[in-house]
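generate a structure from the sequence data that follows.
(chains A, B, C and D)
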There are 2 protein chains.
Amino acid sequence: MPQLSIKELVDRYIDLTFAVHKKGESLVKEQLQSELSNDQFYTLKYIYKTENCTSTELAKVFDVKKSAITAVITKLWDQDLIERTRDQNDRRVVYLTLTETGLELYKKTEERIYNLVESIITQFEEQEIKQFIDTYEKVNNILTALQEKQ
Amino acid sequence: MPQLSIKELVDRYIDLTFAVHKKGESLVKEQLQSELSNDQFYTLKYIYKTENCTSTELAKVFDVKKSAITAVITKLWDQDLIERTRDQNDRRVVYLTLTETGLELYKKTEERIYNLVESIITQFEEQEIKQFIDTYEKVNNILTALQEKQ
DNA sequence: AATAGATAGTTCAATGATTGAACAGTTAAA
DNA sequence: TTTAACTGTTCAATCATTGAACTATCTATT
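Next up is the predicted model:
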């Protein structure tokens, strides 16, 4: 049995990250049923999950300029899906939260994504997928460290 | 020690796919040093790796309309990075290949990406990362099957 | 052979997303 | 108090993507 070289591992990793992401995005898109774009969904999700979420933070996480975030936010705000609240101590800062409508739409679509991912994950032995996600988390930490060195 | 529920696994998986992809894209972008956009790089890569690559295939893999691919291809073609060759048996079909310049640029940037990914992968025990990539491959296969059902 | 339908790829106008630069308002530091 | 830094917005310019119409070609049916 031939030993797998580092080169082969690297190649497979690069190809897989691309392929898995593309297919995932396309399946997520179906679940959103044109009510939201993928990016709009991820934005709602991030705001929902994050205490005191700001534009600056979103710009960093989504890796786009702040003016792009303003556009995204304004579009969601126009649809009454999110609220903007000024920090009373630092009046430059605007906190983003979901409105009731926004929360409802988020929860509804989130559930569809959840079901999709669950249907994938439950095809594995618990031990295998748990190990996978643990390693994935380590990869994420390594990437974070690499980025901060920058 | 509390048992990890499916719900927690699903949540972590969803968050990780998003986070890892964003950070990866941002690090790849640095390596490309504004000579190519990420999508241009992936396009060159796909053409390089694929025998008899066509627009239709690229549109499917990148999940965009064929007119978008025409735009991408034309831009690379303008820079003399790729060639278009008509199939002599079916004259509707156009095959895409890298020019010498395209191949050179691809190889140069590919090497930088390779070094980046290698520096991540070699932080793991070989057994752990090998297992990770095997499971990743299975995830990819499941996604392919899901997409084909569509 | 003649026709109709499917397929590969392109064109082009319209739409959307992202950037870059300038800006207003606010805070922190010297 | 002045200066510098920071948060977020505006707006014009740029770039990517779509949708529809189109050309050229091939396949299947009669």
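
longest single helix anywhere in chain A?
helix A:6-32 (DSSP state H).

tell me how far that one lies from the chain's centre.
Its chain's C-alpha centre and that of helix A:6-32 lie 15 Å apart, by CA atoms, centre = their mean, to the nearest Å.

near DNA strand C, anything from the following helix or strand past it?
Note on helix A:6-32: by DSSP states H and E, the next helix or strand toward the C-terminus is helix A:38-49. Yes: judged by CB under 7 Å from any atom of the strand, helix A:38-49 comes into contact with DNA strand C through A:Asp39. Glycine gets a C-beta too; all of them are placed from N, C-alpha and C.

same question, stretch A:85-100
Yes: shown here: stretch A:85-100 in contact with DNA strand C (CB under 7 Å from any atom of the strand) through A:Asn89, A:Asp90, A:Arg91, A:Arg92.

what does that stretch contact?
For stretch A:85-100, the surrounding residues in contact (CB atoms under 8 Å, 6 or more residues apart in numbering or on different chains) are A:44, A:47-48, A:52-55, A:58, A:73, A:80-84, A:106.

OK, contacts around the residue nearest the centre of chain A?
For chain A, the residue nearest the mean C-alpha position is A:Tyr42 (4.9 Å; CA atoms, centre = their mean). Neighbour list for A:Tyr42: A:Phe62, B:Phe18 [criterion: CB under 8 Å, 6+ apart].

same check on A:Gln123?
Going by CB under 8 Å, 6+ apart, A:Gln123 touches B:Ile142.

confidence score at it?
At A:Gln123, the model reports a pLDDT of 97.

so it, which of the three states?
coil (DSSP: H, G, I helix; E, B strand; the rest coil).

quick one, phi psi at it?
Main-chain dihedrals, A:Gln123, degrees, to the nearest 10: phi -80, psi 0.

distance of it relative to B:Asn141?
10 Å (CB to CB, to the nearest Å).

ok, which residues in chain A are in contact with DNA strand C?
For chain A, the residues found near DNA strand C under the criterion CB under 7 Å from any atom of the strand are A:37, A:39, A:64-65, A:67-68, A:71-72, A:75, A:89-92.

now with 6 Å, please.
A:Ser37, A:Val64, A:Lys65, A:Ser67, A:Ala68, A:Ala71, A:Val72, A:Asp90, A:Arg91, A:Arg92 (CB under 6 Å from any atom of the strand).

and which of the residues you listed is nearest to A:Glu110?
Proximity of these to A:Glu110 (CB to CB) peaks at A:Ser37, which lies at 15.0 Å.

and that closest one, how many neighbours?
By other CB atoms under 10 Å in any protein chain shown, 13 other residues sit near A:Ser37.

before we move on, what about A:Ser5?
As a burial measure, A:Ser5 scores 9 neighbours (other CB under 10 Å).

that one and chain B, how far apart?
From A:Ser5 across to chain B, the span is 10 Å (CB to the nearest CB, to the nearest Å).

same question for A:Val10.
As judged by CB to the nearest CB, A:Val10 and chain B stand 5 Å apart.

find the nearest non-adjacent residue to that residue, please.
Leaving out its chain neighbours, the residue that sits closest to A:Val10 by CB to CB, 6 or more residues apart in numbering or on different chains is B:Val117, at 4.8 Å.

what residues are up against that neighbour?
By CB under 8 Å, 6+ apart, B:Val117 lies in contact with A:Val10, A:Tyr13, A:Ile14.

for the second one, give me the pLDDT.
What the model reports for A:Tyr13 is a pLDDT of 97.

flag the shaky bits of chain A, pLDDT-wise.
By pLDDT under 70, the weakly predicted segments of chain A are A:1-4, A:150.

the contacts of stretch A:85-100: which two are farthest apart?
Largest pairwise distance in the contacts of stretch A:85-100, by CB to CB, is 21.1 Å, between A:Asn52 and A:Asp80.

separate out the buried members of the contacts of stretch A:85-100.
Buried residues within these, counting neighbours by 16 or more other CB atoms under 10 Å in any protein chain shown: A:Leu44, A:Ile47, A:Tyr48, A:Cys53, A:Thr54, A:Ser55, A:Leu58, A:Ile73, A:Leu81, A:Ile82, A:Glu83, A:Tyr106.
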